[in-house]
Structure formats: C-alpha cells, structure tokens
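*Asks:* okay, sequence plus prediction incoming.
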Amino acid sequence: MARAGRSVAVLERGEERWPGEYPVTLAEAAGEVHASGNLGHYDGPLRDLDVGKPTGLYHLIVGEGQNAFVANGLGGTSLLNANVFLECDRRTLELPAWPPEIRNDPSTLDAYYAKAAEMLQPAPYPADYPPLRKLAVLEKQAAALGQAHNFYRVPQTTFFRDGLNSSGVRMKASTGSGQDCTGVNDGSKSSVLMNYLPDAWNRGAEIFCECEVRYVHADPRGGYVVFFAWHGDDRSAFKEDFYNTLMWVRARELCFLGAGALGTTEILLRSQAHGLPLSRAVGQKMSGNGDILSFGYNTDQIVNGIGRADPPAADPPGPTITGVIDNRGPDSAPNVLDGYVIEEGAIPQALGALLQSMLELLPGKQRPRPFPAAARLRHLLSATQTRLLGPYSKGGAVNRTQTYLIMSHDSNEAILSLQNDKPYLQFLGVGRTEHVKTLNNVLAKATTALGGTFVNSPFFAAFHQQAEITVHALGGAAMSPDGTGAGGATDHFGRLFTGDGAAVHSGLVCVDGAAVPTALGVNPFATITALAERSVHSIAQERGWAIDTAANGALDLFGLRARTVTMTADMRAASAAISAAAPADGVRYSEIMDGYIHVGDDIGDFVVAENVAKGAASAAKLYMSVDVYSVRNLTHRDERSSFATGSFSCGALSRDPLLVLRGDVQFFSADQSVSDGSNLVYRLTLLSTSGETYILHGYKTIDAETGFSAAHTWTATTTLYTTLTTPDGALVGRGILRISWRNFAPQLKTLGSAGGVGPVAAFVGYFMKRATSFFFGPLRTLQYPSNDTAGYYAKIAPAKTIPLTASDGVGTTMKMWLPQAKDAAHKPKRPLLLIPGASVDDQIFSLPTIPVNAVEYFTALGYQVYVPIPRFGRTPAAELGYTVYDARLDVLAAMQYVHAQHEMKMYVVCHCQGAVATAMGILDGTLTPAWIQGMAVSQVFFKQQFAPLNATKARTSLFPRVYQALAGPWFPMSSSPSTSSAVQGLLDQLLRFYPVGPKSERCSSTVCHRGSLCYGRMWSHANLTHATHARLGDVFGGVHMRLLTHVMRMGIAHEVMDNEFNSLVTDANLRRFAGLPILFLSGGASAVYSPESTSMSYDALRELFGTALYERRVLEGYGHLDTWMGKRSNVDVYPFVAEHVKRCEQDING
C-alpha cells in the first residue's frame, strides 16, 4: 500500500528491536517473557493466566489442549521463527475447506509465491559453509526411517553473504548461531523487520510500536476506527483503566489485520462484541498446524544443537532449522492429511543450561530398545559430563540432543472465544490422537536408531495437558469455502464478511495466518506471505492503484527516506525540541485524572459546573502520557514545555474516547492571571472519532494557599481546572479533574528515563523545589522590583502631561487622555477627574498590566479623563513631608484647570487619601462643589474606620516613631538587596512574617510587604495579575512619616482633621455637600479601611440631606486598591461608576 502511494500507519504490539538488541542469557530473556491464557478445563474451573511483560518478545499462550508461542515485536513472529520458506503442497490447497478460487486452481498462488520469494530471498544452507552436525544427524535419521529420498536442505530467509537485501537493507552473513528462537543478533536474518517494513517505511509508512489493537469500529464516514492500548510510558501500570480508556486511529480506506492468527482473531471477536457485524465463524476452525515439539536426548551422535551468540566459526550449530524430511508427497502419504514434515532445531543459549534437567524430569520418555549396560553407562557418563561441564561440553548429553519440530495436519477444530473479555483457547481434538501417536512413534524410531531417549513435549509436565505446542497457529478468520459468512469468516481475498451472507467489509482485510482455513502440514511462512501478496495486489488493482515496483537502492534506516510525511507546525516543534535535547536527558510519565465535566456553555464557575455534572453523571477521564524532552533545559533554561498524548473520555461529549493530539504541558509557568502563583498548564487538542476537534485547557494552581499544608499542596498539584472549547474559542464544557490516591501510586511507577535515575532525580527535585517554595511561604526567595515587562498590554499614552502649581507654590503634574469615542449626538461629554491616593501615581487608573484599565474604560465611553498626581503621590514632593490636608491644594489646582478647559461641571472619582483630601477641601471651603456634577468616593471620605490591624497600629503609633529614629522620615516602597541600607535589608527579612490575613494572601514581594506595613494589605491577591504584582515598584513611590502620622491620627479620631488635628467635620462644613450626588465604593475584604468607613460618611450625609443623592456599594471579594487595579475591575467596578455618571447627567438634563 505504501508503494501504491497510500498513507500507511503500522501498529505493533511489541517493541522495536534490531540485531544486537535481542536477549542472549536466561536472565535477559526472562524479562521478555509474557504468559497468558487459561489454566483449567472447560468443564471445570478456569483461572486466568497473565504474567510477565505485556509487550515481552516471548509470548506463551496457554490453551486447553495445546499451547502457542508467538512473538511480540516489530516484525512479528518472523523475529523468532526459523523462517523456513516451503510452499504448501497442491493437495492441501485442494482440500474442501479452501475457497473455490484457490482449491480449483492452486496454481493461482504461484505468482504470489514468486513475489514473496523475490522479497524474502530464501536460500538453503550453503554446501561450502561449515558442515552442521545436527543437519548430518537428521540426514542419518531420514535414512534410518527409510526416508532418505525425502531429506533436503530447506530454503530459509537467512543471508549467507554480506550485502543488500531486496529492500535495500544491508545484511550480514550468518554466523550460524542457532539463536532464532530468542532473536538472531548477527544481522543475517531476513525477517519482516528487514524487508517488508523498511520497504514500507521508505515509501512513507509511519510505524508505531507498543500499540496493542483491541477492536475495530466501522466509521460511518467510511473506513474504520482502530482502537488500541498504548503500552508506552508504562501506561499499563494503570491496570484498571489500561484496556478501557483507549486511543485510536482512523483508517480512512483500508484496515489490514496482520496480528497473527491468535491476535487477529482476538481483535475480531472483541470488535464483534463492540458492535462490528461479522460472521459467526470468527474464532472457529483454528489449527495448530499439527505442530509437535520433541527431543532425541543423549543420542550416540554429536548434534551440537545448542545455540551460541558467538559460535565457533568452524563448528557452529547453524541456523535453527536447516533440513527437512518431507513426507507430504503422495508416495509417502497417500492421504494428504497424513502428510507431514520433520525438521531439526536448535535450542537457544538462554535455555541451554536448563535443557538437561527439564528433559530428565519429564515423564513418558522412551529409552532405546535394547538398552544394554554399555549403552546405559555411556548415557550416564554423558549426562554426568553435561552436569559438570555444561551444555556445550563436547560429547555431553545435551551436546548429543536432537530437537524435532513436526508440522502435520490436525483436526482444525480449535476455538478461540472471549471469556470476560479475555481470550480462551480450546484446541479440542487438536492432534487427531491416533495420527499423533503415529508421528510420535516415527520420532521415537528416529531417536532410538541413534541410541537416544525420545522425550515428548515439555508442556505435558508443565500444564498437565496434551504434550503439544504450536509456533504456527492458523485460522480463526478462515476463508469461506462457499463464499458466504456461513462457511467462514473471510472471502478468498481475506475480506471480512458482515454476517452469514456474501456481503463483505470491503476495506477490512485479514492478511495473516488467521485467514488460512486448514493446517498446511508445513511451515506456513511462505503460504501466508503469498496469500497476503495476493490480497494486497488484488485490492490495489480493484481500486485502480498502481504499485510502484522500482528498487529502493541502499537504505539508510537512520536517514532520509524516498517519501517523507509533511509535518505540521506542532510536529516540527516537537522534532526540534527532541533534537535540541541532550541524549537520554528526558523523562516520561503517565497520569490519570478523572472527575466531572458539564457539557454546555451556560456555567462559568468550575465548582458549580462540577456539581452539575455530578448530578447528571457526566463523568470524564484524562489518561495521558507526558514526555519531557530535556530535564536540563527544564531546570536550567526554564523551558517548561513537553509533549503529551493519550485520550480523554466523556460520554456526554463523545461515545468514544477523544484522542489527545500532540498536547503540551507547561511546568510551573508563572500564572499571569494571579498575583503570585505558578501553574501547571495543560493545552491539549482533542479529536473525536466523528471528526470534531476540541481544545482542552486545564490548569493546576500552586500558590500561597499551600503554605505549611500538605493537604492543600496535594490538592493544588492534583486538581485540574478544565475548560473545553472549540478551536475558535466557543465554550463547550467546564469542570474539574483530579488525580486520586488510587491512581497516584501507578503514576509514580511510570516515571522513568532512558538516561537512568539521573534525569528522574533531577526532574523530581525540580518539581519538589517549585511545589514546596509555596509550602514554605514566608521562607521563599524575596521578590524585588524588576524591569520585566512580561504581561504588559499595549495602552494609549496620555495626550498631554499638564504642570500644575498649587496656591502654596508646590508643583505637581496632571495627565490627560482624550476620548476614544464620541457621543452619538456629537455632544461633548462631561470631563472626569480621577484623583489617586497616597504613594501612587496615575497608574492605579492607567495600569498597563490589566486588560482594561479605568482610563481606557472611560475614554472608550467618550469621556475626557484627567488624572492629577497630588504631592503625597509618587512624586519628588512626597519626600518633603506634606500632609493629606496640604494635598487639598493640589486637588484645587487640578479642578481649576479642568474647570477652565470645559464649559460644564466635572465628575470626580477620588480614591483613599485622594478622597480624604477632596473631602477636606470641600469641608473647609477650599474647593468649589458647584464645579462638580457628581462624585465616586472610593474606600474612605470624611468619616474613617481603619481595618482591625491598622487600628491597632494607629493606636500605638509605634511604627512611625521607631522607623524615623532608625532610618529617617522617608519610607521607600521599593528596596534592593544590593543598594538598600542594612536597616532596609533587615526590614525586608522581618516583613516576611508580617501578618496579612489568610494564607492565600502571603507573597514574596518586598513592595507588597512594605505597603502592607504602612497602609495595611491593599488588595486581595486573587484580583491582581502576575504582572501587576511583579511591577508594584513602578506604581508605588514611598511615604513620609509625617504624612503617615497624620493619616493614623485621623483614623483614630474617625474623621478628617487639619494639620493641627482639628476636626473638619462640623455641621456648617457638611452643609457644603448639599446637592452633590455621591457614589460610595468599599472593598468588602479591605484590610486598609473597613467598609464601615464609607458607611459612616454615607449615613451622615443621608441624615443631613435625605437619601436621594447617595448610593453605596460594597464590592465583595475586593480589597482596597484592587478595586481599580484588579484584572476584572472593568467588569465588577467601573460599570457602577459609569452608571452613576450617566444618572448624574440625566438628573441635570432632566
């Protein structure tokens, strides 16, 4: 298909191994063993068997009546079989079980046998190679059986010369290691790994290993959806979820099944159980190909039948199978079903040391007859020699042991079924018992003729079943003899029937031994390959696809190929990250998060969405594997990205799991939406089987809330706040996913690295350091002011900066922004005067670190905005010690300028000490209320009530006096460890422990700490963006102790006072507020002024003038400055002011 220009993906259950990577020793091989199946009998209790490595190279399937041995790996069982290339005899192909297209003319396969031979290049063991003892012994045994005429050297796909094979892969000459059963490391074995797969790869096929296909669905859009469990990144550690939460790939046109007879049949049975219409014949008529494994132990001949990784050049054991006694012809077997072949074998090095003990312990041995004393003595001495000197000792019992493999005809009555979703293999009547006895007698005769002991299959003793094991399981999706699903599972091309009729799944094709309807009586490799060639070429021809037959030339399997796949942008980024990473420097892990997702766009709150989803049983699960390409880049360069893949399941969204396409996880990136916290950010592209694409955006937040709390730290690092959207941003769903304790232990097991423990330790250390930095809150590294502009938004610059001079000669400035929109009636709107508080400048209204600041908000509504910076703000004049009362003159200067520029009243927004200065100016007559159309007063006015901690500080007045004695009257809000004095440095360290309220309000900013000491905590941290909090040094200047003392005295007195601390709140003064509409705003969580402050002024004015002109709003969740600097102030605060301005306009115009 790749040569036909189609897009091809190959899914392989096992791992990719190349020559030099196959196990040699028993210890190495033991780690690659997987045993599965059932123990017991169908009429008694059955016990599931599933031990070892699921993707292990050596897979033993235990069945009832016979066992099977297959390989898991890229290249399939061809990696471990001897790859003998013998064609099936015509009489077998003419059996009634075959479809008429083949049985009526077996020669139809000749062309495809030739195609297979052209690719696989079989050749017999060369005559000019070192003679093989086991081959010579088999030839003697053929003569002893009277079958010398049926003996010959088998063609096999082993290279006996260096050079390129048919696909362009460089091969090495065989060393004759005899290691086929565990994997040949000398590079001579032309398995499927070395020919068909590289050829497909060179033509653009993509190959994915450790992908265990579970079942197939027909796609309503055409093609098929193949569901698989991916064993990569140790995902199988999550045993309860591994086979339930699957990944998938869509085959748009064709799906070829080539998982071997047992693997393909299991996939089809499970597909049928999941709703794929198939013939009832699936799982029926299986065969073990009449395989019999036996031994001729301790013969009179040197056999040299134990494999060696590095055999002696002059006397190697040779390839596993080199000769055959072929008794399939009509002269040897008049009844085709009595035909068989006998081949010699080699035991791999890994099992060599165990062979003697195993054979001597097995029951049912047949010793030579007669067995005189001399022969007994020779047997004893040979056996003793092996025990003392090992299996390679020349003349020892094992060195004299011949291994036999018979292939014959069994009854084809085996059944594979699913019991509790697990395959159950029954080979009932498998061996045609009498025929098996005949074959065993033949082997016994061949053995005793050479003075050896005949030993039957070792599985009789191990599993108390029939003494047979097959390495050539066949059938299960057998071709139908009558062209309907009633007679078989597939048609003559291997296409699956949709039921018992003649209709087929035109794109679902079986191309392995599962389609073979009978035992073949010979090695099936050639026939399976020929049938697959026939199916593929016929389907390509049917669809009008031309197959390119041009030779490849020499392939560089690590270089470029003839046809490359065009990579997407994210694939290119992933490739670049992999290339940039140091070798073996990455780590990988898998995790499962489950919870509830509400599907709908009507809920914005995560907790509410989760609760609604719980009520609707809308469960969800994210089963994901994460690969961090370079731990060094993560820890040293702060490159936080990684590659994530897996699946997301939510029945309310899709009936099938959604595939995670190249997702990204960022570790401990600064959370730009909060003042002080880190996020683990998940951004995953999800694809449903029906073709819909979604974006999953999730985050875990680690912040001050975790301080000294293991429970909160666990919750923070395991809770994913999840949002689902369409690619264009439309909300699809929202909820919360969590890592449970049940899934956490398996997650730890999956953490690993190709580089050993070093990268793992570095990654764990990095993770723990970042997570615990918030755990040990006050002890974190202090954050000093920086020049980083990350998180800044492009803002409109002021149109003018206006110098102002107060009546006492003090100079200040005022900034002006022009309106960005015009009134619909083209009438100019009232100017707005925004007056900030102490220690700050215009940025509390023109902040560049939030999406929409107050200046932008009001200019967008068509207002011209003025922001003066009074003398107590972030100005040089602040260091001269002016009081709030003095600053009323700056408010006057600003009002005079605005009044002179506009022929209408202004609207005043004043915050904190800016509001206090404005109140003072009105109360003492400095300001003219007639110029003001309305006011928005933020946090405090002429009546005051400190928050509890500030009230305590004010009553003691200790801080201003002590600080001035130690460091002078000026208190800077910004400090630096390199330039600040020792007093300032010590103060920064002490302020780590200054009480700021709940744990969530702790932070590491020195500016924040210093501001809290002077004024109290000025915000709820949750309302500030990360950039705002990081750049507080740009907003704050400092405070003079004289100003702070004045503020404290007023707070104790609960009302505003002049510089001599005389109260300004008198009945006569209050009368000056007559007719002035005022909106009072208080942060409900303010730690500076209690919300009671605005309530006191609000109540006083209502008592004096009635209720009509006064409004008050308490902004829940807001503190002090965050009412204007908050990331959502444009939603939660500014609209109240805009509405009040509008009402004031209506009142004057109405």
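*Replies:* Nice, I can see it.
*Asks:* can you give me the pLDDT of the closest residue to Leu1044 other than its chain neighbours?
*Replies:* Spatial nearest neighbour of Leu1044, chain neighbours left out: Pro960 (5.3 Å); criterion: Cβ to Cβ, 6 or more residues apart in numbering. For the C-beta atoms, the positions are set from N, CA and C on the backbone; glycine is no exception. According to the prediction, Pro960 has pLDDT 92.
*Asks:* in what helix or strand does Pro960 lie?
*Replies:* Here Pro960, judged by DSSP states H and E, is contained in helix 958-967.
*Asks:* after that helix, next one along is what?
*Replies:* Heading C-terminal from helix 958-967, the first helix or strand you meet, by DSSP H and E, is strand 970-972.
*Asks:* now the residue nearest to Leu1044: how far from Pro969?
*Replies:* Pro960 is 9 Å from Pro969, where distance means Cβ to Cβ, to the nearest Å.
*Asks:* between those two, which contacts overlap?
*Replies:* Met1041 (Cβ atoms under 8 Å, 6 or more residues apart in numbering).
*Asks:* compare neighbour counts for the two and give me the winner.
*Replies:* When neighbours are counted by other Cβ atoms under 10 Å, Pro960 and Pro969 differ, and Pro960 comes out ahead with 23 against 17.
*Asks:* which regions of the stretch 501-650 of the chain sit below the pLDDT cut-off?
*Replies:* Low-confidence segments of the stretch 501-650 of the chain, defined by pLDDT under 70: 581-584, 635-641.
*Asks:* quick one, strands of it?
*Replies:* Counting by DSSP state E, counting those that start in this stretch, the stretch 501-650 of the chain has strands at residues 504-510, 587-599, 619-628, 643-650.
*Asks:* before we move on, back to that, return the set of buried residues in the helix holding Pro960.
*Replies:* For helix 958-967, burial by neighbour count (16 or more other Cβ atoms under 10 Å) applies to Phe959, Pro960, Tyr963, Gln964, Ala967.
*Asks:* give me the nearest residue to the first one, chain neighbours excluded.
*Replies:* On the basis of Cβ to Cβ, 6+ apart, the spatially nearest residue to Phe959 that is not a chain neighbour turns out to be Lys953, at 6.0 Å.
*Asks:* show me what the helix or strand where Val1114 lies is packed against.
*Replies:* Using DSSP H and E, Val1114 maps to strand 1110-1115. Counting contacts by 3 or more Cβ pairs under 8 Å, 6 or more residues apart in numbering; DSSP states H and E, strand 1110-1115 is packed against strand 1078-1083, helix 1092-1105.
*Asks:* coming back round to it: looking at the strands of the stretch 501-650 of the chain, spot the one closest to Val192.
*Replies:* strand 504-510 (16.4 Å; Cβ to Cβ).
*Asks:* in its sheet, what does the closest one sit against?
*Replies:* Using DSSP bridges, the strands paired with strand 504-510 are strand 255-257 (parallel), strand 495-497 (antiparallel).
*Asks:* switch these over to a markdown table; also include mean pLDDT.
*Replies:* Listed next are the strands paired with strand 504-510 as a markdown table, based on pLDDT from 0 to 100:
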| stretch | mean pLDDT |
| --- | --- |
| strand 255-257 | 98 |
| strand 495-497 | 98 |
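*Asks:* related to what we said a few turns ago, count the residues that sit near the residue nearest to Phe959.
*Replies:* Neighbours around Lys953, by other Cβ under 10 Å: 20.
*Asks:* kindly report the same for Met973.
*Replies:* Met973 sits with 24 neighbouring residues when counted by other Cβ under 10 Å.
*Asks:* just Gly985 next, same as before
*Replies:* 16.
*Asks:* do the same with Gly283
*Replies:* By the measure other Cβ under 10 Å, the count of residues near Gly283 is 28.
*Asks:* my guess is it meets Ile415, correct?
*Replies:* Yes: using Cβ atoms under 8 Å, Gly283 is in contact with Ile415, at 6.0 Å.
*Asks:* returning to what we had before: tell me the strands beside the strand holding Val1114, with direction?
*Replies:* In the sheet, strand 1110-1115 lines up against strand 1078-1083 (parallel) (DSSP bridges).
*Asks:* show me what the helix holding Pro960 is packed against.
*Replies:* Right, helix 958-967 is packed against helix 982-990, helix 1041-1053 by 3+ Cβ pairs under 8 Å, 6+ apart.
*Asks:* least reliable of those helices going by mean pLDDT?
*Replies:* Looking at the helices and strands packed on helix 958-967, the lowest mean pLDDT belongs to helix 982-990 (a mean of 89).
*Asks:* now do that one against helix 958-967, angle only.
*Replies:* 140 degrees (axes from the mean of the first three to the mean of the last three Cα atoms, to 10 degrees).
*Asks:* helix or strand right after helix 982-990?
*Replies:* Under the assignment DSSP H and E, the closest C-terminal helix or strand after helix 982-990 is helix 1006-1015.
*Asks:* what's that next one packed up against?
*Replies:* Under the contact definition 3+ Cβ pairs under 8 Å, 6+ apart, helix 1006-1015 sits against strand 970-972, helix 982-990.
*Asks:* kindly recompute the last result at 10 Å.
*Replies:* Applying 3 or more Cβ pairs under 10 Å, 6 or more residues apart in numbering; DSSP states H and E, we find helix 1006-1015 packed against helix 948-956, helix 958-967, strand 970-972, helix 982-990, helix 1026-1030, strand 1038-1040, helix 1041-1053.
*Asks:* turn these into JSON lines, including distance to Ala900.
*Replies:* Rendered in JSON lines, the data for those read as follows (distance: least, Cβ to Cβ, whole Å):
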{"stretch": "helix 948-956", "distance to Ala900": "38"}
{"stretch": "helix 958-967", "distance to Ala900": "39"}
{"stretch": "strand 970-972", "distance to Ala900": "35"}
{"stretch": "helix 982-990", "distance to Ala900": "43"}
{"stretch": "helix 1026-1030", "distance to Ala900": "35"}
{"stretch": "strand 1038-1040", "distance to Ala900": "31"}
{"stretch": "helix 1041-1053", "distance to Ala900": "29"}
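*Asks:* among these, which is nearest Arg572?
*Replies:* Closest approach to Arg572 among the helices and strands packed on helix 1006-1015 is made by helix 1026-1030 (29.9 Å; Cβ to Cβ).
*Asks:* contacts for the closest one?
*Replies:* Helix 1026-1030 has contacts (Cβ atoms under 10 Å, 6 or more residues apart in numbering) with 669-679, 783, 785-786, 788-793, 843, 847-850, 1003-1005, 1007-1008, 1019, 1021, 1024, 1034-1035, 1121-1122, 1125-1127.
*Asks:* what about the residue nearest to Lys239 when sequence neighbours are not counted, how many neighbours?
*Replies:* Excluding its sequence neighbours, the residue lying closest to Lys239 (Cβ to Cβ, 6+ apart) is Pro746, at 7.6 Å. By the criterion of other Cβ under 10 Å, Pro746 has 20 neighbours.
*Asks:* element containing Pro746?
*Replies:* Using DSSP H and E, the element containing Pro746 is helix 741-750.
*Asks:* pull the distance from that helix to the chain's centre.
*Replies:* Once both centres are worked out by Cα atoms, centre = their mean, to the nearest Å, helix 741-750 turns out to sit 15 Å from its chain's centre.
*Asks:* how about a markdown table for the strands of the stretch 501-650 of the chain, with mean neighbour count and distance to Asp988 added?
*Replies:* Below are these laid out as a markdown table (neighbours: other Cβ atoms under 10 Å; distance: least, Cβ to Cβ, whole Å):
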| stretch | mean neighbour count | distance to Asp988 |
| --- | --- | --- |
| strand 504-510 | 22 | 71 |
| strand 587-599 | 24 | 37 |
| strand 619-628 | 23 | 35 |
| strand 643-650 | 22 | 40 |
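*Asks:* ok, which of those comes nearest Ile922?
*Replies:* Ile922 lies closest to strand 587-599 among the strands of the stretch 501-650 of the chain, at 51.7 Å (Cβ to Cβ).
*Asks:* got phi/psi on Gly37?
*Replies:* Backbone torsions for Gly37, taken as degrees, to the nearest 10, come to phi 130, psi -150.
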